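Q: Quick one, what's the 3D model for this:
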Amino acid sequence: MTIYQRILVPIDGSETSGLGQAEAIRLASVTGGTLRFFHVVDDLSFALALDAYAGHPGEWLASLRRDGRRLLDEAVKAAEASGVKAEGVLHESLKDKFAQAVANEADRWAADLVVVGTHGRHGVSRLVMGSGAQAILAAAHSPVLLVRPPAPAKAEDEAPESFRASLVSGALAVE
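A: This is a model prediction of the structure:
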């Protein structure tokens, strides 16, 4: 039995999405698998586009579709240039959240693996920024591979980062 023949890769054009895309291409080239790149135009995309194109009704949806299709086409070309079979799927939905749309597509396509780029945020920054990767991990029934950016090298004389939270007085102190 060959592993990871059907690899779903959600992409959004971000740097972390690109890391997941590159890792999925490497993995599929080793396993002989097929990639399905998946881009979601969801309610958040619609809301951001409405603001950006407020004076031009009708253009915003066409722009979101065009940008999504461009991302998918570029990803498929990159995979094919590496000798990997790939296809792109553009998903539109005002009712599905991004993570649920990814999980549903993984089930529908019978994905063996979902590969997701992530920032790898921790602590307060994760609480503030949220985690799309964490939501996919929670929603998906398929195995999920999280791809984080490499940790930056620290200079030898640089002090290690520290985080201290103090709740003794009822106030949160972060250093």
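
Q: Report the mean per-residue pLDDT for the helix or strand containing Ser29.
A: Under the criterion DSSP states H and E, the helix or strand holding Ser29 is helix 15-31. Computed over helix 15-31, the mean pLDDT rounds to 96.

Q: which helices and strands sit right next to it?
A: Other elements packing on helix 15-31 under the criterion 3 or more C-beta pairs under 8 Å, 6 or more residues apart in numbering; DSSP states H and E are strand 6-10, strand 34-41, helix 59-81, strand 113-117, strand 144-147. All C-beta spots, glycine's among them, are computed from the backbone N, C-alpha and C.

Q: Dump the ones you listed to JSON lines, plus mean pLDDT.
A: Converted to JSON lines, those look like this (pLDDT from 0 to 100):
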{"stretch": "strand 6-10", "mean pLDDT": "98"}
{"stretch": "strand 34-41", "mean pLDDT": "95"}
{"stretch": "helix 59-81", "mean pLDDT": "91"}
{"stretch": "strand 113-117", "mean pLDDT": "95"}
{"stretch": "strand 144-147", "mean pLDDT": "94"}
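
Q: what comes into contact with the helix holding Ser29?
A: Under the contact criterion C-beta atoms under 8 Å, 6 or more residues apart in numbering, helix 15-31 has outside partners 2-5, 7, 9-11, 33-35, 37, 75, 78-79, 82-86, 113, 115-119, 145, 147-149.

Q: Out of those, which end up buried?
A: 4, 7, 9-11, 33-35, 37, 75, 78-79, 84, 86, 113, 115-119, 145, 147 (16 or more other C-beta atoms under 10 Å).

Q: ok, how many other residues are close to Arg65?
A: By other C-beta atoms under 10 Å, 14 other residues sit near Arg65.

Q: contacting residues for it?
A: By C-beta under 8 Å, 6+ apart, the contact list for Arg65 reads Val41, Leu90, Glu92.

Q: From Val102, how far off is the last one?
A: In this structure, Glu92 and Val102 are separated by 14 Å, where distance is defined by C-beta to C-beta, to the nearest Å.

Q: One more: Arg66?
A: 21 Å.

Q: So the two - more neighbours on which side?
A: In terms of neighbours (other C-beta under 10 Å), Val102 is the more surrounded of Arg66 and Val102; the figures are 27 against 11.

Q: which residues touch the more buried one?
A: For Val102, the contact set (C-beta under 8 Å, 6+ apart) comprises Leu8, Pro10, Phe38, Val40, Val114, Val116, Ile136, Ala139, Ala140.

Q: Correct me if wrong: the fifth one contacts Pro143.
A: Yes - distance between Val114 and Pro143: 7.2 Å, which falls inside the contact criterion (C-beta atoms under 8 Å).
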